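In: Requesting a structural model of the entry that follows:
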Amino acid sequence: MAKMFCIASTFLLSVLILLACVIAIPLEAKPDKLKIVSNEYPPFYSKLSPEFGVVSHLTREALQRANLAFTHDFFPFSRAVLLTKGGYADGIIGIWYRESRVTWVEYSEPMLSVNVVLYKRVQHDISYTQLSDLSDFTIGVGRGYANPQAFMEAGLKTEEGSSDGENLKKLLLGRTDLVLISQEVAEYLMTEGPKEYDHAFEVIGDPLSIELFHFGISKTRGDHKDLIVRFNQGLNEMKLDGSVQRILKQHGFEANAYWLQELQQELKEVPRN
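Out: Got it, this is the predicted structure:
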């Protein structure tokens with residue numbers, strides 16, 4: 001009886017050791033489903049836009065090409081950044097490049113360009129030749145947004161809002177004098193917003209910056225470099241087989257400045273017989 005108990009104990013111990021070894025082996029072949037976040041930034045990424053917006057569409061297609069499963073949730077931008085920084089989210093859609101962000105996010109290749117401009121109310125007489133001319137005005141900006149360097153250095157009076165929609169509403173109500181915003185976002189909000197927005201706002205001056213949208217992976221993940229390499233490969237496949245152009249056209253962005261430049265450069269590099 002004691003001998004049988006000893007054999008059974010030995011067998012059970014062997015099974016437990018085997019299970020422990022199996023559990024300890026990392027499953028590197030297939031990473032966990034990525035938790036992707038973004039803010040509401042229509043028409044680039046939004047729950048209300050077709051295919052969740054053009055940048056989201058490009059991102060999702062590239063992730064699928066890379067065989068990466070994912071979920072996509074929407075938060076205010078400042079919270080989306082905190083979630084990605086802390087590793088509670090694996091990636092963030094639409095992040096603009098800033099050197100200060102390199103410490104916590106691995107950037108993909110660019111996906112789209114956007115013009116950042118100043119808007120005012122049509123009836124409000126404001127003009128400027130240099131940013132310091134705007135020192136008497138209050139300018140609405142997005143909370144946590146990466147504003148143009150020249151704008152930041154000008155030290156102008158700003159008021160933060162949780163979204164571009166909130167900032168445009170403040171401008172309409174006269175709570176701010178100007179708003180710093182992507183031109184495409186402003187045009188979308190004016191088209192889709194209340195009737196009071198019709199012909200209520202106009203751009204002043206030239207774009208303060210041209211920004212590029214990227215997909216970013218949190219550097220809290222040990223495989224962040226590998227994931228970005230795979231994402232970029234998927235995006236490059238899409239460029240080569242015409243999927244990028246198809247998606248841009250589907251969303252009305254076939255004339256986007258970044259991709260026009262990229263495609264023209266490719267044509268120059270094609271060898272001629």
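In: Nearest the middle, which residue of the protein would you pick?
Out: In the chain, the centroid-proximal residue (CA atoms, centre = their mean) is Gly94; its distance is 1.2 Å.
In: how about the nearest residue to it, chain neighbours excluded?
Out: Phe213 (4.7 Å; CB to CB, 6 or more residues apart in numbering). Just so you know, the C-beta spots here come from the backbone N, C-alpha and C atoms, and that holds for glycine as well.
In: what about the helix or strand where that neighbour lies, average pLDDT?
Out: Assigned by DSSP states H and E, Phe213 belongs to strand 201-218. Mean pLDDT, strand 201-218: 97.
In: circling back to that earlier point, a helix runs through the residue nearest to the centre of the chain, doesn't it?
Out: No - with DSSP: H, G, I helix; E, B strand; the rest coil as the criterion, Gly94 is strand rather than part of a helix.
In: Roughly how far does it sit from Met152?
Out: Distance of Gly94 to Met152, given as CB to CB, to the nearest Å: 20 Å.
In: same deal with Gly87?
Out: 28 Å.
In: do Ile126 as well
Out: 20 Å.
In: the more surrounded of the two?
Out: Neighbours were counted for Ile126 and for Met152 using other CB atoms under 10 Å; Ile126 has more, 16 against 13.
In: is it true that the more buried one touches Tyr119?
Out: No - between Ile126 and Tyr119 there is no contact under CB atoms under 8 Å: 10.1 Å.
In: who's in contact with Leu134?
Out: Listed by CB atoms under 8 Å, 6 or more residues apart in numbering, the contact set of Leu134 reads 118, 126, 128, 154, 156, 178.
In: and the gap between it and Met152?
Out: 13 Å.
In: again, but for His57
Out: 31 Å.
In: With Arg101 instead?
Out: Arg101 is 14 Å from Met152, by CB to CB.
In: Over to Ser38?
Out: In terms of CB to CB, Ser38 sits 23 Å off from Met152.
In: Can you show me the strands along the stretch 151-273 of the chain?
Out: 157-161, 178-182, 201-218 (DSSP state E, counting those that start in this stretch).
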